[in-house]
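> Build the 3D model from these lines:
(4 chains)
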Number of protein chains: 2
Amino acid sequence: MARAATTSDVFNAIAEPQRREILVLLRAGERPVTELAQELGMTQPGTSKHLRVLREVGLVQDRRTGKQRLYGIDARGLRPVHEWTGGFERFWNESFDRLDEYVQDLKQARRKE
Amino acid sequence: MARAATTSDVFNAIAEPQRREILVLLRAGERPVTELAQELGMTQPGTSKHLRVLREVGLVQDRRTGKQRLYGIDARGLRPVHEWTGGFERFWNESFDRLDEYVQDLKQARRKE
DNA sequence: TTAACGTATGCCGATATCGGAATATGTTTG
DNA sequence: CAAACATATTCCGATATCGGCATACGTTAA
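Residues are numbered from 1 along each chain as shown, chains lettered A, B, ... in the order given. Coordinates of the predicted model:
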């Protein structure tokens, strides 16, 4: 088995730097592929492929206007990622000393099992 | 070029479900590989490999106690991910109505093609 | 209809991934 | 030292990835 398909998982979809960059660019508004390609410094087909992945996990939407196809963001899918990482917030909010303390506590609790 | 090495990038490291599960398990306290392997339902070598990736991006630390090697979390590296996704917060904080409206607009524009 | 434009898809090569099995490394105990 | 235990590494196969290039598809305009 190789890695799970990027296509099915948001975590995987945003593991790609260029795709993250696309999302950042789209935050400023809808854009056609060609424009994105230019801003990313990559080819149009390459950009189209990244957009496809993002579309399949639901992070972008597209709509046609004449010959153009405008891509827009739908970042709701990022919320689970934000929340998941948020579940670790105490690990960077607590001071180092307190973190150590916490870890010590855990150790002790575990010993009692 | 294939995908960037999991080894150098936190986004990539947490793209793997099993690795995310490891982090969740470690949130409750330090654990040796064998225990993690059991809880994940995977082999010890397999688990060791995931731990290596997590260690290389700095999300876990290990320490020796006798024959055992205890793995503990160091989730500070997740902060950038949390913050990056936080940059899109307004897209899911905006009222559903407004978002819905937006989506309806997109659909309608599409029907007109 | 045909031409021109914008975009998507298909094929390819190089590489990385994940999991399994066997084995190597390292630590403690007798 | 040797045996037992805990963990890491290596090799492998099947598959997925990303980027480039050529080309197919779809829409508009002449």
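> Pull up the gap between residue A:84 and chain B, please.
Note on residue A:84: its distance to chain B, by Cβ to the nearest Cβ, to the nearest Å, is 7 Å. Backbone N, C-alpha and C define where each C-beta goes, glycine included.
> Distance of residue A:77 relative to chain B?
Noted for residue A:77: a distance of 9 Å to chain B, by Cβ to the nearest Cβ.
> now residue A:89, nearest residue through space, not along the chain?
Using Cβ to Cβ, 6 or more residues apart in numbering or on different chains and skipping residues adjacent in sequence, the residue nearest residue A:89 is residue B:82, 7.1 Å away.
> Need the pLDDT of the one you found.
In the predicted model, residue B:82 carries a pLDDT score of 97.
> I'd say it and residue A:87 touch.
No. Taking Cβ atoms under 8 Å as the definition, residue B:82 is not a contact partner of residue A:87, at 9.5 Å.
> Would you list the phi and psi of residue A:28?
Torsion angles at residue A:28 (phi, psi; degrees, to the nearest 10) stand at phi -80, psi 0.
> counting contacts, what elements does the strand or helix carrying residue A:23 pack onto?
Under the criterion of DSSP states H and E, residue A:23 resides in helix A:17-26. Helices and strands touching helix A:17-26, as assessed by 3 or more Cβ pairs under 8 Å, 6 or more residues apart in numbering or on different chains; DSSP states H and E, comprise helix A:33-40, helix A:44-56, strand A:60-65, strand A:68-73.
> What pairs with the third one, parallel or antiparallel?
If I follow you right, that is strand A:60-65. Looking at strand A:60-65 with DSSP bridges, its paired strands and their directions are strand A:68-73 (antiparallel).
> Helix A:33-40 and the strand it pairs with, what's the angle between them?
Between strand A:68-73 and helix A:33-40, the angle comes out at 60 degrees (axes from the mean of the first three to the mean of the last three Cα atoms, to 10 degrees).
> about what we covered before: can you add mean neighbour count, mean pLDDT and distance to residue B:56 and give the helices and strands packed on helix A:17-26 back as TSV?
Formatted as TSV, the helices and strands packed on helix A:17-26 follow (neighbours: other Cβ atoms under 10 Å in any protein chain shown; pLDDT from 0 to 100; distance: least, Cβ to Cβ, whole Å):
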stretch	mean neighbour count	mean pLDDT	distance to residue B:56
helix A:33-40	16	97	28
helix A:44-56	17	97	25
strand A:60-65	17	95	31
strand A:68-73	18	96	32
